[in-house]
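*Asks:* I'd like to go over a predicted model; first the sequence, then the structure.
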Amino acid sequence: MSDSASSRPGIRPEIILIAGCLIAMQSWGPRSAAGAMQLPVLNSFGWSTETFALALGLQNLLWGFGQPVAGALADRFGTMKVLIGGALLYSAGVALMTISTTPLTFTLSAGVITGLGLSGCSLTLVIAGFGKLVPAHMRPLAFGLASASGSFGQFLFSPIAGALIESYGWQFTCVIFAVMLLTIIPLSWFVASSSMRDGQAPQDGVQMSMKDKLFEAFGHRSYMLVVIGFFTCGFQLQFITVHFQRYVVESGLPSTVGYWAFALVGLFNVIGSIASGWLCERYPRRYVLAAIYFSRSVLTLIFINLPPSPATAYLFGALSGLLWLSTLAPTSAIVNQIFGPAYFGMLYGFAFCSHQIGGFTGVLLGGVLREATGSYTATWYISIVLGVISALISLPIVEKAPAPKAAVAAA
């Protein structure tokens, strides 16, 4: 079986989209249950908040650092092989959490193994596959659909995780999720993109090595603005993913309010991500991106200054959902528009690495400041400031491919 889309011309783009969206849903779901697991895990072993935050922060960091490597491997050898390896590693990490009874072993399973597994089978690889397999006019919407599917997985897995943990414990929940992750393996065949060994050429017809393309990207001002702005997205999302449900409990609300509010994030992001993809087909992507970052900051500022109640928690979850993964469509569309699909997996992987460094910072800083100050207030305000900064630096992005080097030399 060849890992090449060109050898399977009978597969329609709609089938590729469905399979990729199912993979995104499966890979995003279990990791979104981290917030529901925090207090049960800490209560089981008597660990501090920093222990859990370090493991989950390291998961995000290694997911990010592994992403450009996974993207480069997918560009070089095809998407399917990387997705299968990632799914096996991800499943193993989640399963090993059940026998991790010390901070070190929990950090290795939940942090290192799971993080590296995520880098090989996450939403980012699906988006990279869509960037190669889906017709150009469908790509912004396809990126939005992939993001929406990841959040729909969050919507499904958050209440499922909460119910399973309450009924059977967090260890049993991990086993169930580990088995479910293996369904990614057969689905990966449908998003098996061409490899460089199959003779894929860049869109502009100018052959560049992976090293040359990487140097070109890191010397491109607009690409660097996208990469820097994506740090904020990771900071905001992962802080909320890991700490929001505890914040709700510490505000005096029942734990069920926390995981249902977080489930609403996933549900409403289905709408937000698709709408973002639709907007990116009609308006400059930099404006869509800036509006999302700024809206997040405004929403957070209002939420933390309102009296805590189930209504405000649910409303925050719903409105956050509209803005949750909606950054992925404009971010991926800008990268694809500037550099084309040939090295998209690697270049989007580096952007996502910045996202995950932000995620690591948000998770760890949230835990550290919570222990130091007794609340999450300081981290909420840092999130607000970062959102405003990212909105401002998104505005000068130029959505245009650089001139081919051959053309520049001829001029």
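*Replies:* Yep, that arrived. Everything numeric in this text was worked out from a predicted model, so none of it was measured.

*Asks:* next one: phi and psi at Arg12?
*Replies:* Here is the backbone geometry of Arg12 (degrees, to the nearest 10): phi -80, psi 150.

*Asks:* And Gly64, by the same measure?
*Replies:* phi -70, psi -50.

*Asks:* Run through the residues that contact it.
*Replies:* Gly64 is in contact with 119, 234, 352-357, 359-360, counting by Cβ atoms under 8 Å, 6 or more residues apart in numbering. Where you see a C-beta, it was placed from the backbone N, CA and C, and this is true even at glycine.

*Asks:* how does it look with 10 Å?
*Replies:* If you count contacts by Cβ atoms under 10 Å, 6 or more residues apart in numbering, Gly64 has them with 115, 118-119, 124, 230-231, 234, 349-360.

*Asks:* Please apply the same query to Ile274.
*Replies:* Here Ile274 is in contact with 141, 144-145, 147-149, 326, 329 (Cβ under 10 Å, 6+ apart).

*Asks:* do you know how far it is from Phe157?
*Replies:* Distance of Ile274 to Phe157, computed by Cβ to Cβ, to the nearest Å: 20 Å.

*Asks:* cool, and Thr183?
*Replies:* Look at Thr183 and Phe157: by Cβ to Cβ, they are 13 Å apart.

*Asks:* From Gly345, how far off is Leu116?
*Replies:* In terms of Cβ to Cβ, Leu116 sits 16 Å off from Gly345.

*Asks:* again but with Ile228, I slipped
*Replies:* Taken as Cβ to Cβ, the span from Ile228 to Gly345 is 20 Å.

*Asks:* Ok, Ala148 next?
*Replies:* In terms of Cβ to Cβ, Ala148 sits 21 Å off from Gly345.

*Asks:* Show me the shaky parts of the stretch 151-300 of the chain.
*Replies:* Counting by pLDDT under 70, the stretch 151-300 of the chain has low-confidence residues at 193-208.

*Asks:* quick one on the thing from earlier: between Ile228 and Gly345, who's got more neighbours?
*Replies:* Using other Cβ atoms under 10 Å as the criterion, Ile228 and Gly345 rank with Gly345 on top: 27 against 16.

*Asks:* Now the more buried one: phi and psi?
*Replies:* phi -60, psi -50.

*Asks:* Thought Ala128 was touching it, still the case?
*Replies:* Yes: with contacts counted by Cβ atoms under 10 Å, Gly345 reaches Ala128, the gap being 3.7 Å.

*Asks:* Chain neighbours aside, what residue packs nearest to Phe218?
*Replies:* Counting by Cβ to Cβ, 6 or more residues apart in numbering, Met224 is the residue found nearest to Phe218 once chain neighbours are left out, at 6.9 Å.

*Asks:* Okay, strands next: where are they in the stretch 151-300 of the chain?
*Replies:* With DSSP state E, counting those that start in this stretch as the definition, the stretch 151-300 of the chain shows no strands.

*Asks:* Can you show me the helices along it?
*Replies:* Assigned by DSSP state H, counting those that start in this stretch, the helices in the stretch 151-300 of the chain fall at 170-181, 184-187, 210-218, 221-250, 255-280, 285-304.

*Asks:* Make a markdown table out of these and add distance to Met37.
*Replies:* Below are the helices of the stretch 151-300 of the chain laid out as a markdown table (distance: least, Cβ to Cβ, whole Å):
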| stretch | distance to Met37 |
| --- | --- |
| helix 170-181 | 5 |
| helix 184-187 | 21 |
| helix 210-218 | 37 |
| helix 221-250 | 9 |
| helix 255-280 | 10 |
| helix 285-304 | 23 |
